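Asks: Sequence and predicted structure below; questions after.
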Amino acid sequence: MPKAHAPDSGLAFDHVDVLVVGAGLSGIGMGYTLKHSQPGRTFAIVDGRESLGGTWDLFRYPGIRSDSDMQAYGFGFKPWRRDNSIADAHEILDYLRETVSENGLQRHIHLGFTVVRADFSTPEQRWVVTLERVSDGVRHDVTASMLFSAAGYYDAGEGFTPDFAGRDDFEGQIVHPQHWPEDLDYSGKKVVVIGSGATAVTLLPSIAEEAEHVTMLQRSPSYVIPIPRKDPLANTLRRILPEKTAYSISREISIRKGNLVYKGSRKFPRQARALVRKITAAALPEGFDVDTHFHPEYDPWDQRMCTVPDGDLFKAIAKGRAAVVTDKIVRFTETGIELESGTRLDADIIVTATGLNMVPFGKIAFEVDGQRIDLPDHVIYKSAMVSGLPNFAFTVGYINHSWTLKADLVAQWFCRLLDHMSENGYSSVVPVVSDSSMPVKRFFEFDAGYINRAMHLFPKQGTHGPWQAPQDFNHDRIVLGKDPIDDPELRFTSAASPAAGFADDATEQVKEAVQ
């Protein structure tokens, strides 16, 4: 039997029906859905940070904002009321705090507790979850009938920085965006931002307002396209229609537009390349070398495309306050960076916007009846569960669309699963791969550095049926939103007669599929 938590643990529960890990956008969305569609169930949300908000509280670098519009990135149940469609981090945090306050979720949220271990007990049909209080490292065991990961896939503890030769020789300051110092003063200084992704293109125009000069140093270019910070149609609809109606219409338009852009780019890559190049060239100063700095060798959406609100990156370049250099780093020097071309970039501050580290499910160590679960030996089910892991579900959002679209769908599907289990007297559910010869592939079929570095840590996806993860919102609308819960690939167990060892059987079956 699990130990009860210590009296001074700060936790208000020993057992809950659903334990949600993560108090960011996905966790808060799940909390809302549980409260409103499962009023008879107990639930708690735990997070290792001392503040809610997830990504939007973790990252503090200048200019941090959404890279998709808030009509799609906002919750389906809560209209976005601000004029900015591409929202700054503080606006998103306010939106999340409003959601918590309006729905009385505060009492369910327990901050400063990280989940280090979770062991499912088949005889007891529940999870024993070990929480660690971040402030002092003290651990407490609680139990939960269902465990849900809303922890996303970022490693909150450490970003990715390559091993640059000569790093210790540099006499200035080196900063990773994930650990941005609150007192960093870059006014009047020369700054080099290493990277070409969403973080780099966000940082450059923000820093350029005060720095002497900012250089974005990239090994190879990315697609970068300007988009309006404010959506005139959404703002107009909000003024003339009831709030929920206006939001519903603008949200659906945003979803359809996003799908059209993605699928059109994949179907007509040559035309998409030409169109993006034309848009980018028009936003940059005449004579700018677009092909060297903003025209990748790969096709649009082979990797995630970067967006810049109102073309702020291009405006900073046009004003001469920022520049883009495409070259390879040889080494750091005392005063900056030496490049393969022989060029030297002087810098007072170097920002390594070189990427993030991905980890599955908040680095929880999973066990079933005391036996360790190696996630890469398992397969995801409907992008919401993992084979061989009973009573566990998760949210990991889209790479090619708004994260929240997936979070909303999974939360609603999970609650339908809970209803199905209650109606049929089931106490546990586990996905089991019936076709042990099914080929498997990576969780994400996407060619990006941060994904390639981490896929060996994640469960796999299959090639057909509920085991595939196509990154397709319209597909998931059917699979998660409308398809019946009862499925031959799900094995349910009643509370009256738990099947001892069923998870072990499932694990062995999946290992054969993976091999």
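Replies: Arrived safely. Numbers count the residues shown, from 1 in each chain.
Asks: Give me the most central residue, the protein.
Replies: With distances taken as Cα atoms, centre = their mean, Gly152 lies nearest the centre of the chain, 4.7 Å away.
Asks: And the helices in the stretch 51-200 of the chain, which stretches?
Replies: All helices of the stretch 51-200 of the chain, identified by DSSP state H, counting those that start in this stretch, fall at 55-58, 70-73, 89-102, 198-208.
Asks: Of all the residues in the longest one, which ones are buried?
Replies: Along helix 89-102, the positions that meet the burial threshold by neighbour count (16 or more other Cβ atoms under 10 Å) are Ala89, Glu91, Ile92, Leu93, Tyr95, Leu96, Thr99, Val100. All C-beta atoms are positioned from the backbone trio N, CA, C, and that covers glycine.
Asks: Need the pLDDT of the residue nearest to the third one when sequence neighbours are not counted.
Replies: Okay, so that is Ile92. Once flanking residues are discounted, Ile92 sits nearest to Trp56: 4.8 Å by Cβ to Cβ, 6 or more residues apart in numbering. At Trp56, the model reports a pLDDT of 95.
Asks: Identify the residues contacting Trp56.
Replies: When contacts are counted by Cβ atoms under 8 Å, 6 or more residues apart in numbering, Trp56 touches Gly24, Leu25, Ile64, Ala89, Ile92, Leu93, Leu96.
Asks: I'd say Asp17 and Phe148 touch.
Replies: No - with contact defined as Cβ atoms under 8 Å, Asp17 does not reach Phe148; the gap is 10.7 Å.
Asks: Between these two, which has more neighbouring residues?
Replies: For Asp17 versus Phe148, neighbours defined as other Cβ atoms under 10 Å are more numerous around Phe148 (27 against 16).
Asks: Does Ile45 belong to a helix, a strand or coil?
Replies: The local conformation at Ile45, judged by DSSP: H, G, I helix; E, B strand; the rest coil, is strand.
Asks: looking at it, it is touching Leu111, isn't it?
Replies: No - using Cβ under 8 Å as the test, Ile45 is too far from Leu111 to be in contact (9.0 Å).
Asks: Mind listing the strands the lengthiest strand in the chain pairs with, and their directions?
Replies: Taking DSSP state E as the criterion, the chain has its longest strand at strand 139-149. Strand 139-149 sits in its sheet next to strand 15-21 (parallel), strand 126-133 (antiparallel), strand 392-394 (parallel), going by DSSP bridges.
Asks: Return the distance of that strand from the chain's centre.
Replies: Here the centre of strand 139-149 is set off from its chain's centre by 22 Å, with Cα atoms, centre = their mean, to the nearest Å.
Asks: Could you do stretch 223-234 as well?
Replies: 21 Å.
Asks: I would like the residues contacting the longest helix along the chain, please.
Replies: Assignment by DSSP state H gives helix 243-267 as the longest helix of the chain. Residues from elsewhere that reach helix 243-267 (Cβ under 8 Å, 6+ apart): 68-69, 71-72, 74, 76, 79-81, 231, 233-234, 237-238, 240-241, 272, 299-301, 400-402, 405, 473-474.
Asks: And the buried ones among those, selectable in PyMOL?
Replies: Of the contacts of helix 243-267, the buried ones can be selected in PyMOL as follows, counting by 16+ other Cβ under 10 Å:
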select buried, resi 68+69+71+72+74+76+79+80+231+234+237+238+272+299+300+301+400+401+402+405+473
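Asks: The contacts of helix 243-267 in strands, which ones?
Replies: Among those, no member falls in strands (DSSP E).
Asks: Export stretch 371-386 to CSV, keeping only CA atoms.
Replies: Output in CSV follows, covering the C-alpha atoms of stretch 371-386 (Å, rounded to 0.1, in the frame of the first residue of the first chain):
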residue,chain,number,x,y,z
GLN,A,371,8.7,-3.7,-13.7
ARG,A,372,10.2,-0.7,-15.5
ILE,A,373,8.6,0.5,-18.7
ASP,A,374,11.0,1.4,-21.6
LEU,A,375,8.9,3.8,-23.6
PRO,A,376,10.8,3.2,-26.9
ASP,A,377,9.6,-0.4,-26.8
HIS,A,378,6.0,0.7,-26.9
VAL,A,379,3.5,2.2,-29.4
ILE,A,380,1.2,5.2,-29.1
TYR,A,381,-2.5,4.7,-29.4
LYS,A,382,-4.5,7.5,-31.1
SER,A,383,-1.7,9.8,-30.1
ALA,A,384,-3.3,9.8,-26.6
MET,A,385,-2.3,6.5,-24.9
VAL,A,386,0.7,4.2,-24.8
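Asks: Tell me how far Glu252 lies from Ser434.
Replies: Separation of Glu252 from Ser434 (Cβ to Cβ, to the nearest Å): 36 Å.
Asks: wait, doesn't Pro221 sit right on Ala200?
Replies: No - here Pro221 does not reach Ala200: they are 11.3 Å apart, not a contact under Cβ under 8 Å.
Asks: Compare these two (neighbour count), which wins?
Replies: Ala200 (25 against 19).
Asks: if I look at the closest residue in space to the more buried one that isn't next to it in sequence, how far off is Ala198?
Replies: Nearest-residue entry for Ala200: Ala353, 4.2 Å, with adjacent residues in sequence omitted and distances by Cβ to Cβ, 6+ apart. Ala353 sits 9 Å away from Ala198, going by Cβ to Cβ.
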